[in-house]
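Asker: could you work out the structure for the sequence below:
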Amino acid sequence: MMEPPMRPLYFPSLSLAVVLCTACSSQPAAMWSYADARDRANQPPDQMYPELFEAVQRQQVFTDQKHFVDALPKRDPAKIRADYLARREGADFDLDAFIKDNFIESGQAESPAPEPGAPIKEHIDNLWPVLSRTYTHVPPYSSLLPLPQPYVVPGGRFREMYYWDSYFTMLGLEQSGDKAQVRQMTDNFAYMIDTYGHIPNGNRSYYLSRSQPPFFAYMVELQAHIEGEQAYGRYLPQLQKEYAYWMDGAQALKAGEAVQHVVKLADGSVLNRYWDANATPRQESWLQDTKTAEQAPQRPKEEVWRDLRAGAESGWDFSSRWLGDGKNLATIRTTSIVPVDLNSLMFHLERTIAKACETVANTPCVQAYGQRAEQRQRAIETHLWNAEGGYYVDYDWQQNRQRPGLTAATLFPLYTGLASAERADRAADAVRRGLLRPGGIATTQVNNGQQWDEPNGWAPLQWVAVEGLDRYGQTELARDVGNRFLKQVQDLYLKEDKLVEKYDVSGQGDGGGGGEYELQDGFGWTNGVTLKLMNKYGG
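Answerer: Below is the predicted model:
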C-alpha cells in the first residue's frame with residue numbers, strides 16, 4: 001500500500017486577539033481557537049441580531065457597510081438582540097450610543113507613509129510587517145475566522161485574508177525574500193480547505209458561503225518552486241478537496257442544466273460558473289444589495305442577490321461581464337455565465353492535481369485528472385473562443401450563446417497554457433488593439449462606473465497578461481504592458497506616497513474609481529505585482 005502524502009505542519013503562535021481581549025475588560029476571557037473553528041464558527045451578524053443589523057445598515061450608522069459586520073460584540077449576541085428589541089421603541093433610545101455600548105469597532109489596516117525619498121521597493125518591504133496579522137484565536141462572537149499561521153491582509157477596509165488577492169501578495173513576499181510566510185499562507189489555505197471544505201472568499205464568517213477564483217494550485221506551484229516538488233504531494237489532499245468543492249453535483253447533471261458551481265452544456269461539455277450558497281444580500285454590502293434588488297421588480301429578489309454574491313465570488317465585483325444589458329447592476333446574471341478565467345483556472349487545477357499525483361507515483365490519478373484537463377481544454381476551445389473577433393470570451397449557458405465583449409479575462413487561457421499558439425497570437429493582437437492603455441491593460445472596453453470596467457486596471461490582471469503573453473512568445477507586448485503599469489504605479493507613488501488597490505490606466509495617472517467603497521491603499525496585490533514586474537523588467 002502506498003504511504004499517504006505528508007500533511008502540512010501547523011504551528012500556532014501568540015494571537016494578537018489575546019491583546020485585543022485583554023484590553024477590553026467587558027470581553028469574555030475565553031478565546032476560540034483555529035483548532036475548533038469548524039464547530040464554533042459564528043453565525044454572520046445578520047443572523048445573530050437581524051433587527052439591529054438591518055437598523056444599523058439601513059440608517060447608515062457607518063459610511064461603510066462592512067464596518068458593522070466586522071465589529072466585535074462585547075457580550076452574548078442573543079442578549080444584545082433582546083436588549084435592543086426591548087429598548088428600540090423608547091423615546092430616549094439612541095442607536096449610535098447602543099452600538100458604542102455593545103460593540104468594539106474594527107480598526108483599519110494602516111499603511112504608513114514612506115520616508116521622504118524612499119524607493120518604492122523599500123516602502124513595500126516595510127509594508128509587509130504592517131499588513132501582517134496573527135489570529136490563531138479569536139474572541140467569541142467575532143466574525144473573524146482564526147487561522148493557524150500568520151498572514152498578510154490587503155490593507156485599508158480589508159482587514160482579513162482574501163483568497164485570490166493572497167496569491168499575488170505571496171509573489172511579492174517571495175520576491176522580498178520572505179519564503180517562510182509564503183509557506184505559512186499556503187498552510188492557512190490548506191487548513192481552510194480541511195476545515196470548511198473550501199477556501200472562503202475571506203476569513204470571515206459572512207464569507208463562508210462562497211469562494212473566489214481558485215488560485216490555490218498556483219500557491220502550491222509557488223511553494224514547489226521554493227522547496228521542491230515534494231510540496232505537490234504534501235498538498236495533494238487539499239487540491240483534490242478544492243476540486244471536489246467546485247465540481248460538486250457534476251455527475252448527476254443533465255445536458256442544459258446547472259447545479260451549484262457546475263454547468264453541463266447541450267453537447268455534454270462540463271464547465272464551471274460562479275455561485276454562492278446563499279440568496280440574501282451580502283452582509284458587508286447589505287444596503288447596496290437591497291436597493292439593487294428593488295430596481296429589478298420583475299425578478300425575484302433572491303435571484304438578484306445570488307447573482308450579486310456570485311459576482312463577488314468572481315473577484316470582479318462588479319463588471320459589465322455579468323450584466324444583462326452591460327450597464328445596469330440590476331440586470332446582473334452572473335450564475336448564467338460560464339467565465340473563461342474561472343475555467344482556465346480549473347484547467348490549471350486539474351493539471352496541477354495530475355502533477356501532484358505523479359510525484360507520489362499514483363498513475364491512475366495522473367491519467368484521470370489529465371483526461372479531465374483535456375476535456376475542459378476542448379470545451380473551452382469549442383465554446384469560449386470567438387473566431388470572428390479572435391479572442392476568448394464568456395458563454396451564456398442559459399441563452400446558448402457567447403458574450404462577445406473583449407475583457408482582460410481573455411488572457412487567462414494564455415496564462416494557464418491551454419491556448420494553441422495560433423489562437424494565442426490572435427488573442428494578443430486583439431488585446432493590443434482593444435485593451436492596451438497608457439497605464440497598462442484595461443479591464444474591459446465598457447465605461448459604466450463599475451470598478452471592474454474601463455478605465456480601471458488591476459495589478460493581478462496585469463500580471464496574468466504579462467505572464468500569459470510571455471509564455472507564447474509575445475515578449476514585446478508583455479514588456480510594454482508591464483512597463484506601462486509600473487510607470488503608472490510609480491507616478492502615483494511619487495505623487496501621493498502610496499500604492500492603491502486599482503488604477504485609472506487611461507493616462508490620467510490617478511487611482512481607479514467606481515465600486516461600492518472609496519479607493520483603498522496598502523495594497524497587497526499591487527505590492528506583490530509591482531515587485532515581480534520590477535524584478536522582471538528593472539526598477
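
Asker: only C-alpha atoms for contact and neighbour calcs from this point on.
Answerer: Will do.

Asker: ranges for the helices of the stretch 101-250 of the chain?
Answerer: Remark: helices assigned in the stretch 101-250 of the chain by DSSP state H, counting those that start in this stretch are 120-131, 163-175, 179-196, 216-227, 230-234, 236-247.

Asker: buried set for the shortest one?
Answerer: So that's helix 230-234. Residues of helix 230-234 classed as buried by neighbour count (16 or more other Cα atoms under 10 Å): 231, 232, 233, 234.

Asker: what's the closest non-adjacent residue to the second one?
Answerer: Going back to what we said before, that points to residue 232. Excluding its sequence neighbours, the residue lying closest to residue 232 (Cα to Cα, 6 or more residues apart in numbering) is residue 356, at 4.6 Å.

Asker: now residue 271: which helix or strand?
Answerer: strand 270-272 (DSSP states H and E).

Asker: show me how this protein divides into domains.
Answerer: Domains of the chain are assigned by automatic domain parsing as 16-238, 253-405, 435-539.

Asker: looking at these, which is nearest to residue 427?
Answerer: domain 253-405 (4.5 Å; Cα to Cα).

Asker: can you get me the start-to-end distance on that closest one?
Answerer: 29 Å (Cα to Cα, to the nearest Å).

Asker: related to what we said a few turns ago, now pLDDT too, for the buried residues of helix 230-234, in a markdown table please.
Answerer: As requested, those are arranged in a markdown table below (pLDDT from 0 to 100):
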| residue | pLDDT |
| --- | --- |
| 231 | 98 |
| 232 | 98 |
| 233 | 98 |
| 234 | 98 |
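
Asker: just the closest of the residues you listed to residue 421, please.
Answerer: Residue 421 lies nearest to residue 232 out of the buried residues of helix 230-234, by Cα to Cα, at 27.9 Å.

Asker: in contact with that closest one, which residues?
Answerer: Contacts were defined as Cα atoms under 8 Å, 6 or more residues apart in numbering; by that measure residue 232 touches 220, 221, 224, 355, 356, 357, 359.

Asker: and which of these is nearest residue 462?
Answerer: Checking those against residue 462 with Cα to Cα, the nearest one is residue 221 at 19.6 Å.

Asker: what about that closest one, how many residues close to it?
Answerer: Neighbour count of residue 221, defined by other Cα atoms under 10 Å: 18.

Asker: with adjacent residues omitted, what lies nearest to it?
Answerer: Ranked by Cα to Cα, 6+ apart and with sequence neighbours excluded, the top spatial neighbour of residue 221 is residue 232, at 7.4 Å.

Asker: quick one: low-confidence ranges for the stretch 401-539 of the chain?
Answerer: Across the stretch 401-539 of the chain, the ranges flagged by pLDDT under 70 are 539.

Asker: what segments of it are helices?
Answerer: Going by DSSP H, counting those that start in this stretch, the stretch 401-539 of the chain shows helices at 412-415, 421-434, 459-471, 475-496, 524-537.

Asker: of those helices, flag the one that's most buried.
Answerer: For the helices of the stretch 401-539 of the chain, ranked by mean neighbour count under the definition mean count of other Cα atoms under 10 Å, the leader is helix 412-415 at a mean of 26.

Asker: so what does it touch, helix or strand wise?
Answerer: Secondary-structure packing of helix 412-415 (3 or more Cα pairs under 8 Å, 6 or more residues apart in numbering; DSSP states H and E): helix 340-359, helix 459-471.

Asker: state the distance from residue 519 to residue 511.
Answerer: Taking Cα to Cα as the measure, residue 519 falls 7 Å from residue 511.

Asker: what residue is smack in the middle of this structure?
Answerer: Central residue of the chain (Cα atoms, centre = their mean): residue 164, 4.0 Å from the mean position.

Asker: got the contact list for it?
Answerer: Neighbours of residue 164 in contact, by Cα under 8 Å, 6+ apart: 212, 213, 214, 215, 315.

Asker: tell me how far the last one lies from residue 33.
Answerer: Taking Cα to Cα as the criterion, residue 315 is separated from residue 33 by 29 Å.

Asker: then the fourth one?
Answerer: When Cα to Cα is applied, the distance between residue 215 and residue 33 equals 26 Å.

Asker: and if you look at the first one?
Answerer: Distance, residue 212 to residue 33, by Cα to Cα: 24 Å.

Asker: list the helices and strands the strand holding residue 271 packs on?
Answerer: Other helices and strands packing on strand 270-272, by 3+ Cα pairs under 8 Å, 6+ apart, are strand 262-264, helix 340-359, helix 363-383.

Asker: go with 10 Å
Answerer: If you count contacts as 3 or more Cα pairs under 10 Å, 6 or more residues apart in numbering; DSSP states H and E, strand 270-272 packs onto helix 236-247, strand 257-259, strand 262-264, strand 337-338, helix 340-359, helix 363-383.

Asker: now do it: distance to the chain's middle.
Answerer: The chain centroid and the centroid of strand 270-272 are separated by 20 Å under Cα atoms, centre = their mean, to the nearest Å.

Asker: quick one: strands adjacent to that strand?
Answerer: Partners of strand 270-272 in the sheet, by DSSP bridges, are strand 262-264 (antiparallel).

Asker: what about the strand it pairs with, distance to the chain center?
Answerer: The answer for strand 262-264 is 22 Å, by Cα atoms, centre = their mean.

Asker: neighbouring contacts of that strand?
Answerer: The contact list for strand 262-264 (Cα atoms under 10 Å, 6 or more residues apart in numbering) reads 245-258, 269-275, 335-338, 397-398.

Asker: tell me the mean pLDDT over it?
Answerer: The pLDDT scores in strand 262-264 average 98.

Asker: ditto for stretch 46-59
Answerer: Summarised as a single mean, pLDDT over stretch 46-59 is 96.

Asker: so residue 212 and residue 33 - more neighbours on which side?
Answerer: More crowded of residue 212 and residue 33, by other Cα under 10 Å: residue 212, with 25 against 21.

Asker: surely that one touches residue 161?
Answerer: No: counting by Cα atoms under 10 Å, residue 212 sits too far from residue 161 to count as a contact (12.0 Å).

Asker: common neighbours of these two, please.
Answerer: The contact sets of residue 212 and residue 161 overlap at 200, 201, 202 (Cα under 10 Å, 6+ apart).

Asker: ignoring the adjacent residues along the chain, who's closest to the first one?
Answerer: Right, residue 200. residue 211 (4.3 Å).

Asker: out of the shared contacts of residue 212 and residue 161, which sit inside strands?
Answerer: Judged by DSSP state E, strands contain none of the shared contacts of residue 212 and residue 161.

Asker: can I get those residues in a markdown table with pLDDT, neighbour count and distance to residue 99?
Answerer: Shown next, in a markdown table, are those (pLDDT from 0 to 100; neighbours: other Cα atoms under 10 Å; distance: Cα to Cα, whole Å):
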| residue | pLDDT | neighbour count | distance to residue 99 |
| --- | --- | --- | --- |
| 200 | 98 | 23 | 28 |
| 201 | 98 | 24 | 27 |
| 202 | 98 | 24 | 25 |
